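Colleague: sharing a sequence plus its predicted fold:
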Amino acid sequence: MQFRQQALSKLQSPEQLDLPVRFARPQGLLVLSITVAVMAAACFWAVTGTVATTLSAPGILTHAKGSYILQSPVAGQITEVLAEEGESLAADAPLLKVRTAQGNQVVRTIDAGRLTTVTATIGAVVTTGADVASVERVDGTDDPLVVMLYVPGNKGAAVPVGASVDLTVQSVPSQQYGVLRGRVAAVGRPRTQQQITRFLGDGQLGEQFSRQGRPVAVLVELDRSAATESGYRWSSAQGPPYAIESMTLATGSVHLADRRPIDWLLP
């Protein structure tokens, strides 16, 4: 009881009123100042800053006109293959000789292009409509390459035309030579497996790119450069010391439009 009376008397003592009141220690003020500064910077960045988002999708280097699968118009036994893979052929060029009941027939190309694959072999028997070769449509050796990306169908709408794209090419070590640069030239509609197969001239690729459903075809034009051996711009100064070929698999990282962080916080 005695201690309580002493405490009350000290509180009621008027000479204590002129003593300064200490709200916090200097260390506490420093921590408080830093916290306020960090919160202010975070709020400013949330309003004015942006966050870059990317979308990854598989694809392939090709030419803008795509490829076609050449089918045999006759049934019979193949007696001669008249062209080799990688060879450039004109339209209506002879490709195969087939022995039929009516005599020898010649299977010819439909459009000019580069012969990418020949599935027919000498001695094999083919039926009418059987696949015998794939031909990539090109007008000449200087036709520029493009990349066709196959974006999942539910993400295709997020890809803007003009977006920059970084491409990791399967045949080029990215750690040594970097990535290939390009920009989105067009965003198409969802493609079926059959449509992909017809465009690329390869049934396996059609199946591979459509495993997750109907993807959206995104056409990427590559940035040209006279300073590199490949003729295209890379993230490294020189890029690989060799040319890159069509029908090479690649993975594209599409840089989507920057978004403000505050958009993610608001409902």
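Modeller: Alright, I've got the coordinates. Since this is a predicted model, take the numbers as computed values, not measurements. Residues are numbered from 1 along each chain as shown.
Colleague: may I see the buried residues of stretch 54-70?
Modeller: Neighbour counts over stretch 54-70 (16 or more other C-beta atoms under 10 Å) mark 55, 57-63, 66-70 as buried. C-beta here means a position set from N, CA and C on the backbone, and glycine is covered the same way.
Colleague: Throw those into JSON lines and include secondary structure, pLDDT and distance to residue 199, thanks.
Modeller: Listed next are the buried residues of stretch 54-70 as JSON lines, based on DSSP: H, G, I helix; E, B strand; the rest coil; pLDDT from 0 to 100; distance: C-beta to C-beta, whole Å:
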{"residue": "55", "secondary structure": "strand", "pLDDT": "93", "distance to residue 199": "21"}
{"residue": "57", "secondary structure": "strand", "pLDDT": "95", "distance to residue 199": "16"}
{"residue": "58", "secondary structure": "strand", "pLDDT": "96", "distance to residue 199": "15"}
{"residue": "59", "secondary structure": "strand", "pLDDT": "96", "distance to residue 199": "12"}
{"residue": "60", "secondary structure": "strand", "pLDDT": "96", "distance to residue 199": "10"}
{"residue": "61", "secondary structure": "strand", "pLDDT": "96", "distance to residue 199": "14"}
{"residue": "62", "secondary structure": "strand", "pLDDT": "93", "distance to residue 199": "8"}
{"residue": "63", "secondary structure": "coil", "pLDDT": "91", "distance to residue 199": "11"}
{"residue": "66", "secondary structure": "coil", "pLDDT": "90", "distance to residue 199": "4"}
{"residue": "67", "secondary structure": "strand", "pLDDT": "91", "distance to residue 199": "7"}
{"residue": "68", "secondary structure": "strand", "pLDDT": "90", "distance to residue 199": "9"}
{"residue": "69", "secondary structure": "strand", "pLDDT": "91", "distance to residue 199": "10"}
{"residue": "70", "secondary structure": "strand", "pLDDT": "93", "distance to residue 199": "15"}
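Colleague: residue 167 is in contact with residue 223, isn't it?
Modeller: No: counting by C-beta atoms under 8 Å, residue 167 stays clear of residue 223, with 10.3 Å between them.
Colleague: which one's more surrounded, those two?
Modeller: residue 167 (24 against 13; other C-beta atoms under 10 Å).
Colleague: element containing the more buried one, please.
Modeller: strand 164-169 (DSSP states H and E).
Colleague: what of residue 106?
Modeller: strand 103-108.
Colleague: okay, and for this protein, where does confidence drop off?
Modeller: Residues of the chain meeting the criterion pLDDT under 70: 1-33, 36-38, 40-52, 141, 257-267.
Colleague: contacts for stretch 223-234, please.
Modeller: With C-beta atoms under 8 Å, 6 or more residues apart in numbering as the contact definition, stretch 223-234 has outside contacts at 144-145, 177-183, 222, 237-244.
Colleague: shared neighbours of residue 167 and residue 223, which are they?
Modeller: 181-182.
Colleague: buried residues in stretch 144-156?
Modeller: In stretch 144-156, counting by 16+ other C-beta under 10 Å, buried: 145-151, 153, 156.
Colleague: returning to that earlier point: can I get the strand holding residue 167 as PDB, trimmed to CA atoms?
Modeller: Output in PDB follows, covering the C-alpha atoms of strand 164-169 (Å, rounded to 0.1, in the frame of the first residue of the first chain):
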ATOM      1  CA  SER A 164       9.800  -9.300 -79.400                       C
ATOM      2  CA  VAL A 165      10.800 -13.000 -79.300                       C
ATOM      3  CA  ASP A 166      13.900 -14.800 -78.100                       C
ATOM      4  CA  LEU A 167      14.400 -18.100 -79.800                       C
ATOM      5  CA  THR A 168      16.500 -21.000 -78.600                       C
ATOM      6  CA  VAL A 169      17.500 -23.100 -81.600                       C
END
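Colleague: who are the packing partners of it?
Modeller: With contacts taken as 3 or more C-beta pairs under 8 Å, 6 or more residues apart in numbering; DSSP states H and E, strand 164-169 sits against strand 146-151, strand 180-190, strand 216-222, strand 249-255.
Colleague: where's residue 55 relative to residue 192, distance?
Modeller: 22 Å (C-beta to C-beta, to the nearest Å).
Colleague: now render the buried residues of stretch 54-70 as a markdown table, adding distance to residue 88.
Modeller: Putting the buried residues of stretch 54-70 into a markdown table (distance: C-beta to C-beta, whole Å) gives the following:
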| residue | distance to residue 88 |
| --- | --- |
| 55 | 35 |
| 57 | 30 |
| 58 | 28 |
| 59 | 24 |
| 60 | 20 |
| 61 | 17 |
| 62 | 16 |
| 63 | 12 |
| 66 | 16 |
| 67 | 14 |
| 68 | 15 |
| 69 | 18 |
| 70 | 15 |
